[in-house]
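Colleague: Compute the structure for the input listed below.
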Amino acid sequence: MTVVSSPDRLVIATRVSRLALWQAHHVRDLLQLQYPACRIELLEMTTQGDRILDRSLSKIGGKGLFVKELENALLDGRADLAVHSLKDVPVLMPSEFSLTAILPRAAAQDAFVSPEYRRLEDLPAGAVVGTSSLRRAAQLLAAYPHLEVRPLRGNLDTRLSKLDRGDYDAIILAAVGLRRLGMATRIREVLSPDISLPAVGQGALGIEILAGRAELAAQLAPLNCEQSWRLAQAERTVSAVLGGSCQVPLGAYAEQDGTNIRLRALVASVDGTRLCRADVSGPETDPVALGQRAADELIAGGARELLAESQSSQDDGA
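Modeller: Below you'll find the model as predicted:
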């Protein structure tokens, strides 16, 4: 049995939003329980994705903008590890970095938030719904074409303040963020994956380090949840095969089903008029193969054409 030594000091790189800080403090507390003598510090950073709020993520380079500065802190030694919402971590990572642990996943579903309406289906024709996600927007328009979907950027508090001042009739957010910040009462309805299939990795936290730090990887291993890792592998494989990012409307959601995994995935046109769906199950022992099956099913249904059209429309609008 390999004995893992306790680190003397660890620095966690994190964004400065309230939700990101909650996540970083959560990881810090878990590490402190594991290594009581270790001195653990936070390196708080503002990323390009946080600074540019007047354009959609799909127009400025995707969710990777939320991790680049944190990765630079790993490279230059200012930080030992970075804590991310897993849905923000690109599935194709530079070789210098390693996703070394995924924490137990919280509920991944999207939430409907509105000061006036109790359910998504209660919104009248022309009601304005805000979301930062092409994935959410496409699925909303597919199920409720009478709604008007508008872009919504900013951290969680900013989005809620825009809703409360009347800029939107409702907004769609990840339920987990509201719960983690003690705002679960703002949730009017948790949306079924049949209406809003979650993003790849939604609800999970990932820890990133430099690829060559084997000792640090071993020290972080106790934080890894094997089940969450398998589910994330299945979802991230779908995205990797299809080349997905926030620049295309793509979702994937894996659930444990006994010793099997059920994986649902979709690709949509930006306007929601066309959807390709996959729903596959297979042994938990090979989540990558399951993700490949789901991607193949989507491709057979025309997903590559939809992705190409979506990418072209984003490029034209940039």
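
Colleague: in the stretch 1-150 of the chain, which spans are strands?
Modeller: Listed from the start of the chain, the stretch 1-150 of the chain has strands (DSSP state E, counting those that start in this stretch) covering 9-15, 39-45, 81-85, 97-102, 110-113, 128-131, 148-151.

Colleague: Out of those, the one nearest Val27 is which?
Modeller: strand 81-85 (4.9 Å; C-beta to C-beta). Any C-beta I mention is one placed from the backbone N, CA and C, and that applies to glycine too.

Colleague: one step back: for the strands of the stretch 1-150 of the chain, which one sits closest to Thr185?
Modeller: strand 110-113 (10.3 Å).

Colleague: Not counting its own residues, what contacts that closest one?
Modeller: For strand 110-113, the external contacting residues (C-beta atoms under 8 Å, 6 or more residues apart in numbering) are 119-120, 136, 160, 163, 170-175, 178, 186-191, 196, 198.

Colleague: mind listing what it pairs with, with the direction of each?
Modeller: Partner strands and pairing direction for strand 110-113 (DSSP bridges) are strand 170-174 (antiparallel), strand 189-190 (antiparallel).

Colleague: So which elements touch the following helix or strand past the shortest one?
Modeller: In other words, strand 189-190. On the C-terminal side of strand 189-190, the closest following helix or strand by DSSP states H and E is strand 205-210. When contacts are defined as 3 or more C-beta pairs under 8 Å, 6 or more residues apart in numbering; DSSP states H and E, strand 205-210 packs onto helix 18-34, helix 68-75, strand 81-85, strand 97-102, helix 214-220.

Colleague: and strand 205-210 with strand 97-102, angle?
Modeller: 140 degrees (axes from the mean of the first three to the mean of the last three C-alpha atoms, to 10 degrees).

Colleague: quick one: strand 205-210 to helix 68-75, angle?
Modeller: Computed by the same axes, to 10 degrees, the angle separating strand 205-210 from helix 68-75 equals 50 degrees.

Colleague: Name the strands paired with strand 205-210 and say parallel or antiparallel.
Modeller: strand 81-85 (antiparallel), strand 97-102 (antiparallel).

Colleague: Check which residues of the shortest one are buried.
Modeller: Read that as strand 81-85. 81-85 (16 or more other C-beta atoms under 10 Å).

Colleague: What of stretch 185-195?
Modeller: By 16+ other C-beta under 10 Å, the buried positions in stretch 185-195 come out as 186-189, 191, 193, 195.

Colleague: and if you look at stretch 210-228?
Modeller: 210-211, 213, 216-217, 219-220, 223-225, 228.
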